[in-house]
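A.B. asks: Below are the sequence and a predicted model for it; my questions follow.
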Amino acid sequence: MSEHNDGFETRAIHAGQDPEPITGAVITPIFQTSTYAQPSPGDHTGYEYSRTDNPTRTALQEALSSLEGAAHGFAFSSGLAAEDTVLRILRAGDHIVLGNDAYGGTFRLISQVVTRAGITWSAADLTDPAALDANWNPATKIVWMETPTNPLLTVFSIREIAEVTHKHGAKLVVDNTFASPYLQQPIAHGADLVIHSTTKYIGGHSDVVGGFAATNDDEWAQDIKYLQNAVGAVPGPQDCFLTLRGLKTLGVRMDRHTENAERIVEMLLAHPKVHTVLYPGLDSHPGADIVQEQMKAGGGMISFQVTGGIEAAKAVTTKTRLFTLAESLGGIESLIEHPGVMTHASAAGSPLEVPDDLVRLSVGIETADDLLADLNNALDGI
Ligand SMILES: *Cc1c(COP(=O)(O)O)cnc(C)c1O
């Protein structure tokens, strides 16, 4: 049985994951059932229908909530499903402030879909909390940010943005996908709600799509629980099982992702075809002090800009052998992509547009020397 003050790795393996009481199964079973027998009408074990609750999902929710230091957590069928469900808390006339660098799908959801319900949004440079304060729109109910951001790896101060947001009576949502709870726990720094695409580091093996939202706000938790059931974007039990299995090794994976990324950053900084390296773990990163305050390490994501513009950037992504050209991130295998054409195409022409000579790496946990040689070779070839 896991306890509140157990270490992170202990809770990743034990929180919400006691042996199954009937058989003693050590690993949480996949409760592949849609419904549950009731001894008399309305009298049930706590489980009545699997959209509402499922024991495999409960285990995942309890484990992840523990890791984020949250009293309440809800799993969803994807990161965007988690975002969509949380944003349904808002009403027509409400306003969202979105950090000016974010996952393309989040930008699309907020700017193209949520707006259909009469909700407005604007982008803000959240490296400047004083400007957020000075330009505050009184209809703002939510400030939504990633840190580090996707794909520019900008770092925002959770504590300072939470202070401004709370001063105006609004709430701060932090998408913690890039850091994972192992490297950063936003609620401890003042965030009201944490979002994850568990597809990425938490699942960690590129074999499942999922999302998660966690909060200590009882009122929001009650509404999200209601919406999780009322909207129904829930993950199946097999997906919850895979996500839980990945979660157990999050700590050791993140350490190795970071170690490998640090070696690659060093190589990129010295490479003549690279003019800019964006990595939160660098002492020269503009947010280095903030990283020191709120992150344990720089993590496994690197973005860099090559000399030679868009054609050179696209060429690098096709010349690697081990780095697979693909969207997504956070898995054990290394991936490379061109955000401008791929993950962030929906942000073209908007305040969230990304540079066209940008290449993004999700550094995996393969042998570091192999990754270095692969990338060096690709860069030499452009
Ligand atoms: C991938 C991603 C999402 C969306 O999650 P899905 O599981 O793909 O729906 C949201 N935020 C960030 C930062 C992401 O990288």
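C.D. replies: Happy to help now that I have it.
A.B. asks: For the rest of this, base every contact and every neighbour count on C-alpha atoms.
C.D. replies: Fine.
A.B. asks: Over in this structure, which residue gets nearest the ligand? Let me know.
C.D. replies: Among the residues of the chain, G79 lies nearest to the ligand; the distance is 3.4 Å by Cα to the nearest ligand atom.
A.B. asks: which residues does that residue contact?
C.D. replies: The contact partners of G79, taken as Cα atoms under 8 Å, 6 or more residues apart in numbering, are I195, H196, S197, T198, T199, V209, G210, G211, F212.
A.B. asks: one more time with 7 Å, if that's ok
C.D. replies: Counting by Cα atoms under 7 Å, 6 or more residues apart in numbering, G79 touches H196, S197, T198, G210, G211, F212.
A.B. asks: measure the fifth one to T177 for me?
C.D. replies: Read that as G211. Distance from G211 to T177, counting by Cα to Cα, to the nearest Å: 10 Å.
A.B. asks: cool, the first one as well?
C.D. replies: Separation of H196 from T177 (Cα to Cα) stands at 5 Å.
A.B. asks: same deal with the last one?
C.D. replies: Relative to T177, F212 is positioned 10 Å away (criterion: Cα to Cα).
A.B. asks: ok, now the third one?
C.D. replies: For T198, the distance to T177 (Cα to Cα) stands at 7 Å.
A.B. asks: overlap in contacts of G211 and T177?
C.D. replies: With contacts taken as Cα under 7 Å, 6+ apart, the residues that reach both G211 and T177 are H196, S197.
A.B. asks: Test my guess that I27 contacts P19.
C.D. replies: Yes - in this structure I27 lies within contact range of P19 using Cα atoms under 7 Å: 6.5 Å.
A.B. asks: I would like the residues contacting stretch 95-102, please.
C.D. replies: Under the contact criterion Cα under 7 Å, 6+ apart, stretch 95-102 has outside partners 119-126, 139-146, 149-150, 152, 351-352.
A.B. asks: Counting neighbours, what do you get for D283?
C.D. replies: With neighbours defined by other Cα atoms under 10 Å, the count for D283 comes to 12.
A.B. asks: tell me the secondary structure for it?
C.D. replies: For D283, the assignment made with DSSP: H, G, I helix; E, B strand; the rest coil gives coil.
A.B. asks: what pLDDT does it get?
C.D. replies: On pLDDT, D283 comes in at 97.
A.B. asks: same deal with the one 10 residues further on?
C.D. replies: In this model, E293 is scored at 98, pLDDT.
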